[in-house]
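Chemist: let's see this in three dimensions:
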Amino acid sequence: MKKGFLNHWSPGFIFFYGVKNRAPKFLFWEFGSEAHPNIFTECRFPEKSFNRWYKQKILADEFFPNTKINLCRDNDTYQNIRKGGQSNIRLSENIKYANTPLKTNKRNKFI
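Modeler: Coordinates of the predicted model:
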């Protein structure tokens, strides 16, 4: 399925939103490559989870170099990913709460 998708659509990158520490590691390993770098937003890797990833050194060596951009929601994640050898990290707010809600009229319809 993955090869068929990548061969048919030929994406320039693969965008992951809301990456949690329990996300399936094989997913990033399978999709990430130089031809299809990963971009993560709202990623979260607390110290405990980060240490588990780094115990599996082969996975960490394959995963972290294939990420093009990491947008972290907190400073702890920023520091942990930086320990992984990444230099392309940005500290951002939680996208869901950082923006103002859309204006609505009395019938709850968007203006």
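Chemist: what's the span of stretch 68-76, first residue to last?
Modeler: End-to-end distance of stretch 68-76 (CA to CA, to the nearest Å): 19 Å.
Chemist: so for stretch 68-76, what's the average pLDDT?
Modeler: Regarding stretch 68-76, the rounded mean pLDDT is 82.
Chemist: and it, which residues are buried?
Modeler: 68, 70-74 (16 or more other CB atoms under 10 Å). For the C-beta atoms, the positions are set from N, CA and C on the backbone; glycine is no exception.
Chemist: out of these, which is nearest to residue 44?
Modeler: Relative to residue 44, the closest of the buried residues of stretch 68-76 is residue 73; by CB to CB it sits at 6.2 Å.
Chemist: returning to what we had before: now, among the buried residues of stretch 68-76, which is nearest to residue 40?
Modeler: residue 70 (5.0 Å).
Chemist: residue ranges for the helices of this structure, please.
Modeler: 2-9, 25-31, 47-55, 57-63, 75-83, 95-98 (DSSP state H).
Chemist: okay, the angle between the third one and helix 75-83?
Modeler: In other words, helix 47-55. In terms of direction (axes from the mean of the first three to the mean of the last three CA atoms, to 10 degrees), helix 47-55 departs from helix 75-83 by 20 degrees.
Chemist: comparing the helices of the chain, which gets the lowest mean pLDDT score?
Modeler: Across these, helix 25-31 has the smallest mean pLDDT, namely a mean of 60.
Chemist: what residues of stretch 99-108 count as buried?
Modeler: Within stretch 99-108, no residue is scored as buried using 16+ other CB under 10 Å.
Chemist: send over it as PDB, restricted to the C-alpha atoms.
Modeler: What follows is stretch 99-108, C-alpha atoms only, in PDB (Å, rounded to 0.1, in the frame of the first residue of the first chain):
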ATOM      1  CA  ASN A  99      -5.700  31.100  17.200                       C
ATOM      2  CA  THR A 100      -8.900  33.100  17.900                       C
ATOM      3  CA  PRO A 101     -12.200  31.200  17.300                       C
ATOM      4  CA  LEU A 102     -14.100  31.900  14.100                       C
ATOM      5  CA  LYS A 103     -16.800  34.500  14.300                       C
ATOM      6  CA  THR A 104     -20.300  33.100  14.100                       C
ATOM      7  CA  ASN A 105     -23.800  34.700  14.000                       C
ATOM      8  CA  LYS A 106     -26.700  33.800  16.200                       C
ATOM      9  CA  ARG A 107     -27.600  30.600  14.300                       C
ATOM     10  CA  ASN A 108     -24.000  29.300  14.700                       C
END
